[in-house]
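Undergrad: compute the structure for the input listed below.
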Amino acid sequence: MKITIYIKSDKSDKSYKKLYTEYLKRLPSTMKISIKKIPKSINKKEGQYIIGINPSGKNLSSEEFSKTFYNIHDDRTIKEIFFVLDNSITVDYDEEIALTSTETSDDMKLVMLSEVLYRGWSINTAKSYHK
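TA: Numbering: from 1, shown residues only. Sure, this is the predicted structure:
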């Protein structure tokens, strides 16, 4: 499954980069995750699922996130998942979720999303979360 995380800037603070990189490297290689600067617009195509990260989005428990993500992940009609960390652009989201109820930097959102993806994978595969 190809996963693209869109952020406002392609420059990250080194301390945040170290954190999100640690979580992402724990995920299986079948999750091909890339982090890219968000384009001016995202035109949704068939086989893509777009999730907006927004403080006003749905609040999900770890178990709910895991179930939601893996339902999307396992859907054979979906080839790529986009996470959009910039809610200032207009995108036709399939759904919006909240990582926190407050606005935070893209770097922090990226760390939180990486951790949530890892936690969701741990729940889904019944692996130990703590290393």
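
Undergrad: please, where are all the helices along this protein?
TA: Shown for the chain, the helices assigned by DSSP state H span residues 14-25, 62-73, 106-125.

Undergrad: what angle separates the second one from helix 106-125?
TA: Looking back up the chat, that one is helix 62-73. 80 degrees (axes from the mean of the first three to the mean of the last three CA atoms, to 10 degrees).

Undergrad: contacts for helix 62-73?
TA: 1, 49, 60, 78, 81, 95, 97, 116-117, 119-121, 123-124 (CB atoms under 8 Å, 6 or more residues apart in numbering). Yep, even glycine has a C-beta here, placed from its N, CA and C like the rest.

Undergrad: how about those residues in TSV, adding pLDDT?
TA: TSV is the format used below for those (pLDDT from 0 to 100):
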residue	pLDDT
Met1	85
Tyr49	96
Leu60	94
Ile78	95
Ile81	96
Glu95	94
Ile97	94
Val116	94
Leu117	94
Arg119	91
Gly120	91
Trp121	91
Ile123	90
Asn124	87
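
Undergrad: one step back: any chance of a markdown table for the helices of the chain, columns mean neighbour count and distance to Ile38?
TA: As requested, the helices of the chain are arranged in a markdown table below (neighbours: other CB atoms under 10 Å; distance: least, CB to CB, whole Å):
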| stretch | mean neighbour count | distance to Ile38 |
| --- | --- | --- |
| helix 14-25 | 15 | 16 |
| helix 62-73 | 16 | 20 |
| helix 106-125 | 20 | 9 |
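
Undergrad: contacting residues for the closest residue to Tyr20 other than its chain neighbours?
TA: Once flanking residues are discounted, Tyr20 sits nearest to Ser114: 4.1 Å by CB to CB, 6 or more residues apart in numbering. Taking CB under 8 Å, 6+ apart, we find Ser114 in contact with 19-21, 23-24.
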